[in-house]
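J.: Need coordinates for the below:
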Amino acid sequence: MSSTAPEARFVLVDCAHFYVSCERLFRPDLWQRPVVVLSNNDGNLIALSPEARALGLKMGTPYFQAESLIRRHRVAVFSSNFPLYADLSARVMTVLGQFSPEREIYSIDEAFLGLTGNEDEAWAERLRRTVWRWTGIPVRVGIGATKTLAKAAQSWAKRQGKSCAQIVTAAEREAVLPQLPVAEVWGIGPRLAPRLIDLGLTTAWDLSRADAEWLRRRFSVTLARTALELQGWPCLALEAIAPPRRQIRRSRSFRPAATDGKFIASALASFAVRATEKLRQERLQARIVTVFLASDAFDDTQPRYAPVASAALPHPGSDTGRFLHIVQRLFQRLYRPGIRFRKAGVILAGLEPVTGRSLPLDAPAERSELMTVIDAVNRRFPKSLMPAASLTWLRRHYRPRYLSPRYTTRWHQLPKVKAR
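T.: Numbering: from 1, shown residues only. As a prediction, this is how the structure comes out:
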């Protein structure tokens, strides 16, 4: 192997405090105020503005534990508005596509771009300004010789309070990596970081200097690749085409905990409807159905109970009716009267693309035309055609208290501007 890493450049664009930025976009009065976004059912804090962090609020904290602090400091609180976040994410990704034909959408608020020219921090600043001007979402940009170094550059920019940084040359690696804790390296989780620190690998620079073969034998080939990437050797290519989906999961937490079997069964029916809608939307079929329940892990007055049951279909499908029947059957196997359940969900796995090949004679009929009509109606009039089994959940489930309007996806919730 040559001692000189090949010339290559990757860019990571990260939307800064994305959920908070989406909420602030239509509320300019919030730009200097602390803001938090809550998870489903308003359970935990999942997004914090820098002002909220400065107050001592932390990610993952249950809302009820932070509520007094939030009220005392007049923190703006929002329930998760995922349709709004998804729409604004799509707009950001569209803008990024104009800066590079090679684009990997890594998550709702991050994307990698592939570059081969002389793009530098001035180019990154132009990108940042363009995204801000066209979408109103602030972003940070990291440029690196590898994807891992691009991630490190973005982390370094965040630490320095800058909007962009780059780690491409050997000199830049030697200047930045010794100051970056190993726990902040992409792919180094909270379990692995202490083990590396115990071995003296406390910084990203230490990890980059470790022998890749030793890391492979002691830990994994993934960590060995991370070390090579930190040295400037690209081991991870851009994934312009998203890898096939492995499963579709729909679940919710109950607030308060639920004991009523009819209510929980109705919730699972609603989850099955949404999961099969997603199947058809992505032109997929599923072979495996899983149902899970979970009691309250923090309730010491009852034993912990978190059962899971699965069923395999002889032939893949996406007909909601088939899956509803299976989900209800699995639920009856798991449910125990008197247990206070905090969470329930449905998982569809064994996913396959829909093909034109004919099914065996013993395969159940797929009512594809009926499903198409139902999906079209529900897109136009959300939740207008739902099975009777889900109605109890739709009437009684917890509704977020702090939900902002869907400014960009609902006509009747468009922002209103008054001119004087």
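J.: Every contact and neighbour count from this point should use C-alpha atoms.
T.: Fine.
J.: Just the endpoints, please. Distance across stretch 46-64?
T.: Terminal residues of stretch 46-64 lie 14 Å apart, using Cα to Cα, to the nearest Å.
J.: Strands of the stretch 1-150 of the chain, start to end?
T.: 9-15, 35-38, 45-48, 76-79, 103-107, 110-115, 139-144 (DSSP state E, counting those that start in this stretch).
J.: Just want the angle from the longest one to strand 110-115.
T.: Our comparison of strand 9-15 with strand 110-115, counting by axes from the mean of the first three to the mean of the last three Cα atoms, to 10 degrees, yields an angle of 150 degrees.
J.: average pLDDT for strand 9-15?
T.: For strand 9-15, mean pLDDT rounds to 90.
J.: Among the strands of the stretch 1-150 of the chain, show me which one is buried the most.
T.: The highest mean neighbour count among the strands of the stretch 1-150 of the chain, using mean count of other Cα atoms under 10 Å, belongs to strand 139-144: a mean of 28.
J.: coming back round to it: export the strands of the stretch 1-150 of the chain to CSV and append columns for distance to Arg173.
T.: Converted to CSV, these look like this (distance: least, Cα to Cα, whole Å):
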stretch, distance to Arg173
strand 9-15, 14
strand 35-38, 35
strand 45-48, 30
strand 76-79, 40
strand 103-107, 24
strand 110-115, 19
strand 139-144, 9
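J.: how far does stretch 292-300 sit from the chain's center?
T.: 24 Å (Cα atoms, centre = their mean, to the nearest Å).
J.: Same check on stretch 18-34?
T.: Stretch 18-34 has its C-alpha centroid displaced from the chain centroid by 20 Å (Cα atoms, centre = their mean).
J.: And stretch 287-301, by the same measure?
T.: On Cα atoms, centre = their mean, the centre of stretch 287-301 falls 21 Å from that of its chain.
J.: which residues make contact with it from outside it?
T.: 257, 304-317, 323, 326-327, 330-331, 334, 339-351 (Cα atoms under 8 Å, 6 or more residues apart in numbering).
J.: Any quick ChimeraX command for the buried ones out of those residues?
T.: One line in ChimeraX is enough to select the buried members of the contacts of stretch 287-301, burial here meaning 16 or more other Cα atoms under 10 Å:
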select :304,305,306,308,310,313,316,317,323,326,327,330,331,339,340,341,342,343,344,345,346,347,348,349,350,351
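J.: Confirm for me that Leu115 is in contact with Leu12.
T.: No: with contacts counted by Cα atoms under 8 Å, Leu115 stays clear of Leu12, the gap being 10.9 Å.
J.: hey, where'd the helices end up in the stretch 51-200 of the chain?
T.: For the stretch 51-200 of the chain, the helices defined by DSSP state H, counting those that start in this stretch occupy 63-72, 82-96, 121-135, 147-160, 170-176, 192-198.
J.: so which of those helices gets nearest Ser208?
T.: Among the helices of the stretch 51-200 of the chain, the nearest to Ser208 by Cα to Cα is helix 170-176 (9.5 Å).
J.: which of the residues in that closest one are buried?
T.: Arg173, Val176.
J.: Could you do stretch 157-166 as well?
T.: Ala157, Lys158, Ser163, Cys164, Ala165, Gln166.
J.: Tell me where this protein is predicted with low confidence.
T.: 1-8, 116-119, 240-244, 356-368, 370-371, 374-375, 377-398 (pLDDT under 70).
J.: if you count residues, which helix in it comes out on top?
T.: helix 261-281 (DSSP state H).
J.: dump the residue contacts of Tyr205.
T.: That one is not Tyr; residue 205 is Trp. Trp205 neighbours (Cα under 8 Å, 6+ apart): Arg173, Glu174, Leu177, Pro178, Gln179, Leu180, Leu230.
J.: dump the residue contacts of the last one.
T.: This points to Leu230. For Leu230, the contact set (Cα under 8 Å, 6+ apart) comprises Thr146, Thr148, Leu149, Ala204, Trp205, Leu207, Ser208.
J.: how close does Arg340 sit to Ala76?
T.: In terms of Cα to Cα, Arg340 sits 32 Å off from Ala76.
J.: With adjacent residues omitted, what lies nearest to Pro337?
T.: Leaving aside its sequence neighbours, Pro337 sits nearest to Thr259 (Cα to Cα, 6 or more residues apart in numbering; 6.8 Å).
J.: before we move on, the earlier item: buried ones only from the contacts of Leu230, please, as a PyMOL command.
T.: Burial among those is assessed by 16+ other Cα under 10 Å; the matching PyMOL selection reads:
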select buried, resi 146+148+149+204+205+207+208
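J.: Indicate which one of the strands of the stretch 1-150 of the chain is closest to Arg216.
T.: strand 139-144 (23.4 Å).
J.: Of all the helices of the stretch 51-200 of the chain, which one is nearest Thr372?
T.: With Cα to Cα, the closest approach to Thr372 among the helices of the stretch 51-200 of the chain belongs to helix 82-96: 21.7 Å.
J.: Please point out which parts of that closest one sit buried.
T.: Counting neighbours by 16+ other Cα under 10 Å, one finds that the buried residues in helix 82-96 are Leu84, Tyr85, Ala86, Asp87, Leu88, Ser89, Val92, Met93, Val95, Leu96.
J.: What are the structural domain limits within the protein?
T.: 9-15+85-230, 247-353+366-396 (automatic domain parsing).
J.: Can I get the ones you listed in TSV including distance to Leu45?
T.: Below are the domains of the chain laid out as TSV (distance: least, Cα to Cα, whole Å):
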stretch	distance to Leu45
domain 9-15+85-230	16
domain 247-353+366-396	14
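J.: out of these, nearest to Pro405?
T.: domain 9-15+85-230 (11.5 Å).
J.: Looking at the helices of the stretch 51-200 of the chain, which is nearest to Ala272?
T.: helix 82-96 (19.1 Å).
J.: same for the closest one, what does it pack against?
T.: Secondary-structure packing of helix 82-96 (3 or more Cα pairs under 8 Å, 6 or more residues apart in numbering; DSSP states H and E): helix 18-25, helix 121-135.
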